[in-house]
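Q: model this:
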Amino acid sequence: MGNIVKFSNFNIRALRHIRPVLNRSVANTMACSIISTRLDYCNSLLYGTSVNNINRLQRIQNTLACVVSGTKKRDHITPVLRDLHWLLVPQRIEYKIALITHKVLSTGQPQYLQSLIKEYKPSRQLRSEGQRLLSKPNGLTSVLASRSFTRSSETVWNSLPELVRKTESVVAFKNKLKTHLFAKINSAM
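A: Numbering: from 1, shown residues only. Below you'll find the predicted structure:
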């Protein structure tokens, strides 16, 4: 976590120096390609991590949004993030887990994760049969096990609306998922 914070702060300072000569679109592209990718790298491993770690990453994202948009440090950040169309860090983590789960269910890739998640198949005919749910993993009770991909994918996937879960195309799934997560952020505020 410390390396991500250090790397990000270094690159945010560098972007802040050259920001006056960049238009907003170029600054956004640079921010996403250099710093946001670092925040997203393996962020599905952060599911269930401490609030302190999430807050550290959120502060980086907020600082980056201020640099890209040219807003002041003390301005309210939520409208800036919404304008940039950036999800908050907890929603970015959910997005990544849901996207990986969708790819495993739709394409069977990555193959090493295919054995970790199983679609729910009831023993008799039930209404939940056609909802494309995941079955609960057996025997995972510890705190560490609750952060495993098997448990987190089941929790995140089953919490999605049926309309999103049943989407077959990856592009359409990404759009519906991001719309759902933005709606979730807006309803929480």
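Q: helix or strand right after the helix or strand of the chain at the bottom of the mean pLDDT ranking?
A: Every helix and strand in the chain was compared by mean pLDDT, DSSP states H and E; the lowest is helix 143-146, with a mean of 62. Toward the C-terminal end, the helix or strand that comes next after helix 143-146 (DSSP states H and E) is helix 149-159.
Q: tell me the buried residues in the next helix-or-strand element following that next one?
A: Downstream of helix 149-159, the first helix or strand assigned by DSSP H and E is helix 162-165. Within helix 162-165, the residues scored as buried using 16 or more other Cβ atoms under 10 Å are V164, R165. For every residue, glycine as well, the C-beta is placed using N, CA and C.
Q: so how far is helix 162-165 from its chain's centroid?
A: From the chain centre to the centre of helix 162-165 is a distance of 17 Å (Cα atoms, centre = their mean, to the nearest Å).
Q: what's the following helix or strand after it?
A: helix 170-188.
Q: what residues sit buried inside that next one?
A: Going by neighbour count (16+ other Cβ under 10 Å), the buried part of helix 170-188 is F173, K176, L177, K178, H180, L181, F182, I185.
Q: can you put these in JSON lines and add distance to L163?
A: Shown next, in JSON lines, are the buried residues of helix 170-188 (distance: Cβ to Cβ, whole Å):
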{"residue": "F173", "distance to L163": "11"}
{"residue": "K176", "distance to L163": "7"}
{"residue": "L177", "distance to L163": "11"}
{"residue": "K178", "distance to L163": "14"}
{"residue": "H180", "distance to L163": "9"}
{"residue": "L181", "distance to L163": "14"}
{"residue": "F182", "distance to L163": "15"}
{"residue": "I185", "distance to L163": "18"}
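Q: quick check: the farthest pair among these?
A: F173 and I185 (18.6 Å; Cβ to Cβ).
Q: need the contact list for the closest residue to Q91 other than its chain neighbours.
A: Once flanking residues are discounted, Q91 sits nearest to L181: 4.4 Å by Cβ to Cβ, 6 or more residues apart in numbering. Neighbouring residues of L181 by Cβ atoms under 8 Å, 6 or more residues apart in numbering: L87, Q91, E94, Y95.
Q: okay, domains of this protein per the record?
A: What automatic domain parsing lists as the domains of the chain is 2-86, 92-188.
Q: which of these has the lowest average pLDDT?
A: When those are compared on mean pLDDT, domain 92-188 scores lowest, with a mean of 83.
Q: ok, and the closest non-adjacent residue to V104?
A: Nearest to V104 is L113, by Cβ to Cβ, 6+ apart, at 5.0 Å.
Q: what sits against the one you found?
A: I100, V104, F149.
Q: is it possible to export those to TSV including neighbour count and distance to L163?
A: Shown next, in TSV, are those (neighbours: other Cβ atoms under 10 Å; distance: Cβ to Cβ, whole Å):
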residue	neighbour count	distance to L163
I100	20	20
V104	21	20
F149	18	24
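Q: could these be laid out in a markdown table, adding distance to K6?
A: Formatted as a markdown table, the contacts of L113 follow (distance: Cβ to Cβ, whole Å):
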| residue | distance to K6 |
| --- | --- |
| I100 | 27 |
| V104 | 33 |
| F149 | 27 |
